[in-house]
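> sequence first, then the predicted structure, then my questions.
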Amino acid sequence: MALYLTLGVFALLVIGFISQKFPLGAVALTCVTILYLTGVLTFEEAYGNFANDNVILVGAMFILSAAIAKTPIVEKINLAIVKHAGGSGRRVVFFFLLATAILMQFIVPTACITMLLPFCLIMDANGTCPRTKSLYAVTTAAFMWQGVAPLAMGVGLTAQVNSFVEAGGGVGTATLMDRLIIGLLPAIIGSLVLLFISYKLLPDTPSQELSTDIELKEQSKEVRATTLQDKIIYVVFVVTMICMFIMPMGMYEIAVIPVVGCLIIALTGCMTKKEIASSLNVDILFMLVGLLGLSTALENSGAAQLIADFIVSIIGADTHPFIVLAIFYFVANIVSQAFSNTGTMALLIPLMTTTCLTMGIDPVPVAMAVAYGANADSLLPMGSPGMAICFGSGGFKFTDLLLPGIVLMLIYGFSTVAMTYLTYFIL
């Protein structure tokens, strides 16, 4: 019964998101409330995600973004980009892609996206580059460039892959250089797709009016912070970013760093209570809470397992390794559009490891392909907080991203599969 209830509620969520007739946060919370009332989720599973580290991170970064947005530095950066871009929106997107590629070697996608969000909104407000083009580019590039270099993020992601392979009965032998060799060229190709193809396919204006637009206009009318307050905001912002880069994994939850920054900004009077409240996009935060709860229900009820088992069962024993890689990659990629990225890896890599061992294929390259596929979100807001932010702040409808998302998914996907095959089976 829980399985059918969960699938029904998931269908309701998809319909609610596609219809665009209700706030996304209200739709998501309604779905988890139904799951709680029907006994599919416990109270903690349904609503405990208000304390989820990703939700807290997004909320804190909204406040820090609003703080830095009210200082002169944003306008200075804006003018510098406009000067170098020569009024070209595509050049603005290029600079955003470059910044994203660098940031994603040190921080998680959600932090990167929320960090660059105010600059995307500023560029949209002054007519230099539509938010629909810059924000989608930043969001999808963040997933493609995540941990490609053998640095902080790459270490953690490679360790994750090896642990999931071992959970499936294999031996985790993936290395940082494997991740670099496989991921670098596809990330470059994907960025070029965003710059030259997606830029043309994406809409020029949001498909719906957003609270972010209203807040931005209201903030521009507020009394400007003093020079001392500007300096405090600068120091807090820079120190926060540095700490997010250098903090050892596992020492603290990364979300606590921007929270401390927000507390300093609030206690020093750099932002008023009204400014702090208006900077929090409650609809996006509620949507994240609801989506995380639904993801738990999908996994606990066996819905995700059912989908994965069905897809794995169609693979024959004599299938060519390249075809196996392609199937597993796109299975992970499609599943991750609706489920959490980490959850998709945790579910599929052990299953596919067992399948590969049965077929006599090394499971590590398949695990690497699945890891990249599970982190390449480009279509739906349900798969990750980053895509949820993109949908909410970009004002997208599902149909807006259907064509650009599929084009990016296919080109980036096949280039990743090709590099994985070359790395493990040819070189």
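Alright, I've got the coordinates. Residues are numbered from 1 along each chain as shown.
> in whatever helix or strand Leu13 lives in, what counts as buried?
Per DSSP states H and E: Leu13 is located in helix 2-19. Neighbour counts over helix 2-19 (16 or more other CB atoms under 10 Å) mark Ala2, Leu3, Leu5, Thr6, Leu7, Val9, Phe10, Leu13, Val14, Gly16, Phe17 as buried. Every residue, glycine included, has its C-beta placed from N, CA and C.
> any chance of a markdown table for these, columns distance to Ala142 and pLDDT?
Output for the buried residues of helix 2-19, formatted as a markdown table (distance: CB to CB, whole Å; pLDDT from 0 to 100):
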| residue | distance to Ala142 | pLDDT |
| --- | --- | --- |
| Ala2 | 34 | 86 |
| Leu3 | 33 | 87 |
| Leu5 | 34 | 92 |
| Thr6 | 29 | 88 |
| Leu7 | 30 | 86 |
| Val9 | 29 | 90 |
| Phe10 | 25 | 83 |
| Leu13 | 24 | 83 |
| Val14 | 24 | 75 |
| Gly16 | 26 | 83 |
| Phe17 | 21 | 72 |
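> from Val238, how far out is Ile254?
17 Å (CB to CB, to the nearest Å).
> one more: Met144?
Distance of Met144 to Val238, given as CB to CB: 26 Å.
> any stretches of the stretch 101-250 of the chain with poor pLDDT?
Counting by pLDDT under 70, the stretch 101-250 of the chain has low-confidence residues at 151-153, 155, 207-226, 245, 247-250.
> let's see 90
For the stretch 101-250 of the chain, the stretches with pLDDT under 90 are 102-129, 147, 149-179, 204-227, 230, 237-238, 240-250.
> and the helices in it?
109-125, 131-145, 152-167, 176-193, 199-201, 211-219, 227-246 (DSSP state H, counting those that start in this stretch).
> still on that earlier bit, the more surrounded of Met144 and Val238?
Met144 (29 against 12; other CB atoms under 10 Å).
> how far is the lengthiest helix in the chain from where the chain is centred?
Of all the elements of type helix in the chain, the one with the most residues (DSSP state H) is helix 398-421. Relative to the chain's own centre, helix 398-421 is displaced by 15 Å; criterion: CA atoms, centre = their mean, to the nearest Å.
> for Gly269, what are phi and psi?
Backbone torsions of Gly269, given as degrees, to the nearest 10, read phi 70, psi 20.
> correction: the previous question concerned Leu202.
For Leu202, the backbone dihedrals (degrees, to the nearest 10) come out as phi -70, psi 150.
> picking that back up, of the helices of the stretch 101-250 of the chain, which is nearest Leu294?
When the helices of the stretch 101-250 of the chain are compared for distance to Leu294 using CB to CB, the nearest one is helix 109-125, at 17.9 Å.
> quick check: buried residues in that closest one?
Buried, per 16+ other CB under 10 Å, within helix 109-125: 109-124.
> of all those residues, which comes closest to Thr272?
Nearest member of those to Thr272, counting by CB to CB, is Pro118, at 17.7 Å.
> list the contacts of that closest one.
With contacts defined as CB atoms under 8 Å, 6 or more residues apart in numbering, Pro118 is in contact with Ser65, Ala66, Ile68, Ala69, Val74.
> wait, isn't the first one in contact with Leu117?
Yes - here Ser65 lies in contact with Leu117, judged by CB atoms under 8 Å, at a distance of 5.6 Å.
> hmm, Phe50 is touching Val289, no?
Yes - if you go by CB under 8 Å, Phe50 and Val289 touch, sitting 5.5 Å apart.
> of those two, which one has the most company?
Higher neighbour count among Phe50 and Val289: Val289, with 23 against 14, using other CB under 10 Å.
> contact partners for the more buried one?
Contacts of Val289 were listed using CB under 8 Å, 6+ apart, and they are Gly25, Ala28, Leu29, Val32, Tyr47, Asn49, Phe50, Asn52, Val55.
> what do you get for Ser340?
Taking CB under 8 Å, 6+ apart as the test, what Ser340 contacts is Leu292, Ser295, Gly383, Ser384.
> now the first one, nearest residue through space, not along the chain?
Right, the one you point to is Leu292. Sequence neighbours aside, Asn49 is the residue nearest to Leu292 in space, at 4.1 Å (criterion: CB to CB, 6 or more residues apart in numbering).
> what is the burial count for that neighbour?
For Asn49, the count of nearby residues is 21 (other CB under 10 Å).
> how about the buried residues of helix 2-19 in JSON lines, adding distance to Gly392?
Converted to JSON lines, these look like this (distance: CB to CB, whole Å):
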{"residue": "Ala2", "distance to Gly392": "29"}
{"residue": "Leu3", "distance to Gly392": "29"}
{"residue": "Leu5", "distance to Gly392": "27"}
{"residue": "Thr6", "distance to Gly392": "24"}
{"residue": "Leu7", "distance to Gly392": "25"}
{"residue": "Val9", "distance to Gly392": "21"}
{"residue": "Phe10", "distance to Gly392": "19"}
{"residue": "Leu13", "distance to Gly392": "15"}
{"residue": "Val14", "distance to Gly392": "16"}
{"residue": "Gly16", "distance to Gly392": "14"}
{"residue": "Phe17", "distance to Gly392": "11"}
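> let me know the closest of those to Met368.
Among those, Phe10 lies closest to Met368 (CB to CB), at 28.6 Å.
> surely the closest one is in contact with Ser295?
No - using CB under 8 Å, Phe10 makes no contact with Ser295, being 9.8 Å away.
> quick check: neighbours shared by those two?
Common neighbours of Phe10 and Ser295 (CB under 8 Å, 6+ apart) do not exist.
> go ahead and measure how far the one helix or strand Leu97 maps to is from the middle of the chain.
Using DSSP H and E, Leu97 maps to helix 89-103. Distance, stretch centre to chain centre, for helix 89-103: 16 Å (CA atoms, centre = their mean).
> so what touches it?
Outside helix 89-103, the residues that touch it by CB under 8 Å, 6+ apart are 81-82, 84-85, 112, 115-116, 119-120, 123, 128-130, 133-134, 137-138, 141-142, 145, 187, 191, 194-196, 199.
> pull out the buried residues from those.
Among those, those that count as buried by neighbour count (16+ other CB under 10 Å) are 81-82, 85, 112, 115-116, 119-120, 123, 128-130, 133-134, 137-138, 141-142, 145, 187, 191, 194-195, 199.
> check contacts around Asp230.
Applying CB under 8 Å, 6+ apart to Asp230 gives the contacts Thr71, Pro72, Ile73.
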